[in-house]
Each structure stands twice: as C-alpha cells, then as structure tokens.
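In: Just the structure for this:
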Amino acid sequence: MTQNSAAEAYRSTSFETAPPLKVLRLLYAGAMRFLDQALACDIQTEPVDYNQGLSKAGAIVCELRCSLDSSHSEQLAEQLESLYSFVEERLGTAALDKDKQAARDARKVLDTLKEAWDKLELEGGDESERVA
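Out: Okay, the predicted model is just below:
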C-alpha cells in the first residue's frame, strides 16, 4: 500500500465511522470551502472553476436537504429544508447570473447553520445527531 492510498483509506474510514454531528459539520465545512473557491475565481477568466465550486457546494446542500429526518423534530426539519432551499436558489442565481453576491448570501446561511451546530456540539447536544 502506498503512502497516498494509506492516507486516503484513513480519511475514508475516519469519515465513515464519525458521529453524525461531526459528519454534518464536515459537510458544511466542505460546502463553504467550495463556495470560497468559487468566490476566489475571476468569473471572466475562470468560469469553469467558478461554476465547479458552486456545483460542488450545491451537491452537498442537496444531500443535506434530502437527508433531513423529520421524525425527531418536524419543525426543525421544515426550517432546515427552507434554509437549504434558499441556499440552493442563491447558488442557482450565482451560477446563472454570475452573481457573486448570491454566492455570498448562500455562504452566510451555511456559516450561520454551522456555527449553530458547532455550539450545539460544545453543549453536548446528542439530540442533534438524530435530527439531521
């Protein structure tokens, strides 16, 4: 096994065995990282990289929305679905209209949500692991 494949196997295993709240937080971080990459692009000279970052962030948000579980808290699931739909709409606008402000709007919502999950984890909120 090469050093690269060993490192990849470790990352894969640590992600697959992570508690749900940690996975959720990693997904938010990944979506924000892809948005940051898109926002760093010059839309005129790097349109492919810009759209790719938006697309990857959108795919993560879509997975977050589709994986909501309303059986524990229907109200929370509905609120998160609404926020995820808003983020997806802003990402669509960012891509179609080449509107970086729309991408920044989406990132701000994700950042706020991640901060809330981070705070919940610090408070020891096991309930959150079953919700999202």
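In: Based on its surroundings, how many neighbours for Gly53?
Out: 25 (other CB atoms under 10 Å). C-beta here means a position set from N, CA and C on the backbone, and glycine is covered the same way.
In: those helices in the chain, which residues are they?
Out: For the chain, the helices defined by DSSP state H cover 3-16, 20-40, 47-66, 74-96, 100-122, 128-131.
In: possible to save the ones you listed as TSV with mean pLDDT?
Out: Shown next, in TSV, are the helices of the chain (pLDDT from 0 to 100):
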stretch	mean pLDDT
helix 3-16	58
helix 20-40	95
helix 47-66	97
helix 74-96	97
helix 100-122	93
helix 128-131	46
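In: mind pulling up the phi and psi values for Glu46?
Out: Phi and psi for Glu46, reported as degrees, to the nearest 10, are phi -130, psi 50.
In: ok, now which ones touch it?
Out: With contact set as CB atoms under 8 Å, 6 or more residues apart in numbering, Glu46 has no partners.
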